[in-house]
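*Asks:* coords please:
(one chain, ligands or ions: 1)
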Amino acid sequence: MIAEKVGILMGSASDQPVLENCKKYLAAFGITFEEHILSAHRNPEEVTAFTRHAEQNGFGVIIAAAGMAAHLPGVIAAQTVLPVIGVPIASGALNGFDALLSIVQMPPGVPVATVAIGGAVNAAVLAAQILATKHPELRERLREFKAKGARL
Ligand code: RP5
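*Replies:* From the prediction side, this is the model:
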């Protein structure tokens with residue numbers, strides 16, 4: 001039983017299809033998650049409230065996905081010591097390159113572990129690997145997953 005939950009936050013309901021695989025992989029590893037649609041720009045106060053209470057609410061890792069001027073992962077990372085994984089979403093005229101740079105170019109001291117554009121699977125696997133540092137049974141599941149070619 002993995003006690004810590006993964007928070008999956010995304011900037012818009014339009015990002016949801018990209019996160020389907022993330023949920024599928026987390027579920028396969030036996031990790032519980034909670035999904036919230038919250039935008040750094042449209043719901044800044046809710047993002048802060050979620051982040052400030054994330055530790056006490058049992059979250060161990062936060063995955064944050066956003067497109068365009070993607071500030072959501074960075075704004076979350078600014079307000080918690082939980083590891084934050086950023087997923088750039090390909091939306092808008094620049095097809096995710098804008099989101100990639102917005103998410104990856106964090107200032108020193110405030111890291112966001114950035115995966116590829118649309119990299120929802122790697123976000124889930126990385127979240128699992130972070131939680132596995134505390135849970136040997138999860139480490140074993142990940143070993144089996146990698147031994148089978150790192151696919152479900
Ligand atoms: C970002 O703007 C969201 O993460 C989404 O990728 C993009 C477009 O949002 P919608 O206009 O579809 O709500 O904040």
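*Asks:* got a list of what the spatially most central residue of the chain touches?
*Replies:* By CA atoms, centre = their mean, the mean C-alpha position of the chain lies nearest to I63, the distance being 1.3 Å. Shown in contact with I63 (CB atoms under 8 Å, 6 or more residues apart in numbering): V6, G7, I8, L9, L19, C22, V84, I85, V87, A123, A124, A127. (C-beta placed from N, C-alpha, C; glycine too.)
*Asks:* from the residues you listed, which land in strands?
*Replies:* Under the assignment DSSP state E, those contribute V6, G7, I8, L9, V84, I85, V87 to strands.
*Asks:* beyond the lengthiest strand in the chain, next helix or strand please.
*Replies:* Of all the segments of type strand in the chain, defined by DSSP E, the longest one is strand 59-67. On the C-terminal side of strand 59-67, the nearest following helix or strand under DSSP states H and E is helix 72-77.
*Asks:* what's in contact with that following helix?
*Replies:* 9-11, 38-40, 44, 47-48, 51, 62, 64-66, 84-87, 102-103, 106, 110-112, 114.
*Asks:* hmm, back to that, tell me if the longest strand of the chain is near the ligand.
*Replies:* Yes - legend: contact between strand 59-67 and the ligand by CB under 6 Å from any ligand atom is shown at A66, G67.
*Asks:* ok, that strand: who's next to it in the sheet?
*Replies:* For strand 59-67, sheet partners with direction are given as strand 5-10 (parallel), strand 84-89 (parallel), following DSSP bridges.
*Asks:* still on that earlier bit, can you pick the most crowded of the ones in strands among the contacts of I63?
*Replies:* With neighbours set by other CB atoms under 10 Å, the maximum within the ones in strands among the contacts of I63 is found at V87, which has 35 neighbours.
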